[in-house]
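Q: Provide a 3D model corresponding to the input given below.
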Amino acid sequence: MSGHSKFANIKHKKEKNDAAKGKIFTIIGREIAVAVKEGGPDPNNNFKLATVIAKAKANNMPNDTIERGIKKAAGDVGNVNYEYVTYEGYGPSGIAIIVDALTDNKNRTAANVRSAFTKGQGNIGTPGCVSFMFDKKGQIIIDKEECDLEADDLMMMALDAGAEDFAEEEDSFEVLTDPDSFDMVREALEKEGIPMMSAEVTMIPQNYVALTDETAVKNLQKTLDLLEDDDDVQAVYHNWDE
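A: Got it, this is the predicted structure:
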């Protein structure tokens, strides 16, 4: 078992407040719209939509909200013009940051992301400048309080389903998979009734960087806060050891 969960636990503790939950629902709503546009409203015939629905359920999005989102997207297929775009750059002291966005206006999003980096004394880089410092992995977070299984039993279940790694932290378990195996592992755990706090394909830093300078910490937090508050931003990944 390895210690990847530091990033996961910090991330999900932040997501427990209502404002963050609202942002997550907005993010997933856009992903539903794009998935429906690309493959139709039936998750049985639309693998991407099925994956987004699983992510929605893992984030406790109500079923009626999911269904409304699908119906709305199906009725607005011609009007859905979101596209995915990724930005990479550096925060203070060379902290690596990756920003995934889903936008209907790339110029607006690029300007906002660039502003967030600039205000935090960082800078946007070229595509690929920091992504090599991260591994793309399927990541499933399970709240210990909601899981009845012992750690060893859950670990064996996950590994048997095709997971690559399993980690136990103070308040959660983390299952890591190859991106191609993610849905298979998630479905296997779902069938066993394992409650998931989060289930998604994410970017995990290979190494974490500590900041000791208070000004650098303040500036980096400013950049991250501005990015998290931007409605176009779907996810922010970084290698800061908080």
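Q: helices and strands of this protein: which one bottoms out on pLDDT?
A: Within the chain, no helix or strand scores below helix 5-14, which has a mean of 46 by mean pLDDT, DSSP states H and E.
Q: could you identify the longest strand within the chain?
A: Taking DSSP state E as the criterion, the chain has its longest strand at strand 134-143.
Q: buried sites along that strand?
A: 134, 137-142 (16 or more other C-beta atoms under 10 Å). Backbone N, C-alpha and C define where each C-beta goes, glycine included.
Q: which residue ranges form the helices in the chain?
A: Applying DSSP state H to the chain gives helices spanning 5-14, 18-39, 47-58, 63-75, 106-119, 151-161, 182-191, 214-229.
Q: can you list contacts of the fifth one?
A: Taking C-beta atoms under 8 Å, 6 or more residues apart in numbering as the criterion, the residues outside helix 106-119 that touch it are 83, 85, 87, 89-91, 97, 99, 101, 103, 123-124, 222-223, 226-227, 230, 232-233.
Q: give the buried subset of those residues as a PyMOL selection command.
A: Selection of buried members from the contacts of helix 106-119 for PyMOL, criterion 16+ other C-beta under 10 Å:
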select buried, resi 85+87+89+90+91+97+99+101+103+124+222+223+226+227+230+232+233
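Q: so which of the contacts of helix 106-119 belong to strands?
A: Per DSSP E, the subset of the contacts of helix 106-119 in strands is 83, 85, 87, 89-90, 97, 99, 101, 103, 123-124, 233.
Q: what's the neighbour count on Thr118?
A: By the measure other C-beta atoms under 10 Å, the count of residues near Thr118 is 14.
Q: which residues sit in contact with the nearest residue to Leu220 once chain neighbours are set aside?
A: In space, and not counting its chain neighbours, Leu220 is closest to Gly91: 4.5 Å by C-beta to C-beta, 6 or more residues apart in numbering. Applying C-beta under 8 Å, 6+ apart to Gly91 gives the contacts 97, 117, 120-122, 219-220, 223-224, 238, 240.
Q: against Ala210, how distant is the nearest residue to Glu164 once chain neighbours are set aside?
A: Leaving aside its sequence neighbours, Glu164 sits nearest to Leu176 (C-beta to C-beta, 6+ apart; 5.2 Å). Look at Leu176 and Ala210: by C-beta to C-beta, to the nearest Å, they are 23 Å apart.
Q: ok, so of the contacts of Gly91, who is nearest Asp180?
A: Checking these against Asp180 with C-beta to C-beta, the nearest one is His238 at 24.8 Å.
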